[in-house]
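*Asks:* Compute the structure for the input listed below.
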Amino acid sequence: MLTEVTSKPAAASSWIPGPSLPLPAGDQTPHPTPLLSPRTTAAVLHTVLSTTAEDGQADVEAITRLWARGEPIRSLPRKPRQTLRFGVQVLVDLGEAMQLFARDQRELVGQIRSVAGLESTSVEYFADIPTRGSGPGGRRTWRDYTTPSRGSRILILSDFGIGGPAFHDRRGKPAEWLSFLNKVRREGCSPVGLVPYPPSRRPAWLTSSLPLVLWDRSTTVGRAAASVRR
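*Replies:* Residues are numbered from 1 along each chain as shown. The predicted model follows:
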């Protein structure tokens with residue numbers, strides 16, 4: 001047998017709302033951590049971008065050896081020094097595999113210009129491999145790649161085909177990269193790669209054909225110098 005149930009609605013709350021919390025001050029947007037340590041970025045870049053010039057101070061030891069052997073000094077021996085005076089070309093890979101690092105690329109290009117100087121720095125963009133086309137602007141403006149002036153340092157911001165989707169059909173082939181590296185060396189330029197992947201992921205053909213610097217917070221000036229010398 002059903003029994004009728006009666007209930008009274010709950011009494012209305014008498015609470016009074018208090019003041020709203022203050023709005024946060026400043027920009028609260030989270031900023032990704034840069035790949036290179038901000039404290040050492042300028043020094044690391046100077047090490048990576050510099051080339052060797054045989055126009056330093058007079059090499060007293062070499063001069064002394066020539067005198068001791070009675071040999072004529074036809075040109076003054078000088079010690080090598082690191083310099084940025086030959087200019088820098090930055091090649092920025094915009095291929096699918098490097099999209100994850102797009103923000104880091106943009107920030108690094110600005111830092112490179114600060115270190116090497118606006119007039120001494122040129123920037124070219126490409127996708128997967130420079131020889132398929134490159135340029136300082138959008139993809140529609142890309143043309144055949146042009147080697148910079150003799151003596152320039154060429155810094156390549158790329159994964160060299162290491163990362164990206166497994167079936168990325170436009171990935172730069174080893175033969176293409178080797179051909180490109182041979183071309184710029186014949187023109188008297190010195191290429192260096194800045195790679196966001198550790199040595200354990202680099203193929204043998206790449207490590208044996210190009211100085212590679214790890215694009216990571218663990219990279220110090222000493223490690224960068226050792227990588228460039230290698």
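
*Asks:* quick one: the closest residue to residue 135 other than its chain neighbours from residue 136, how far?
*Replies:* Closest residue to residue 135 apart from its sequence neighbours, by C-beta to C-beta, 6 or more residues apart in numbering: residue 142 at 4.1 Å. Placement of C-beta: from N, CA and C, glycine included. As judged by C-beta to C-beta, to the nearest Å, residue 142 and residue 136 stand 9 Å apart.

*Asks:* now swap in residue 150 and tell me
*Replies:* Following C-beta to C-beta, the distance that separates residue 150 from residue 136 is 20 Å.

*Asks:* And for residue 50?
*Replies:* Distance from residue 50 to residue 136, by C-beta to C-beta: 23 Å.

*Asks:* who has more neighbours, those two?
*Replies:* For residue 50 versus residue 136, neighbours defined as other C-beta atoms under 10 Å are more numerous around residue 50 (20 against 11).

*Asks:* would residue 125 count as being in a helix?
*Replies:* No: per DSSP: H, G, I helix; E, B strand; the rest coil, residue 125 lies outside any helix segment and is strand.

*Asks:* dump the residue contacts of it.
*Replies:* Neighbour list for residue 125: 91, 92, 94, 134, 135, 136, 137, 139, 142 [criterion: C-beta atoms under 8 Å, 6 or more residues apart in numbering].

*Asks:* Just the buried residues of those.
*Replies:* With neighbours counted using 16 or more other C-beta atoms under 10 Å, the contacts of residue 125 contain these buried positions: 91, 92, 94, 134, 135, 142.
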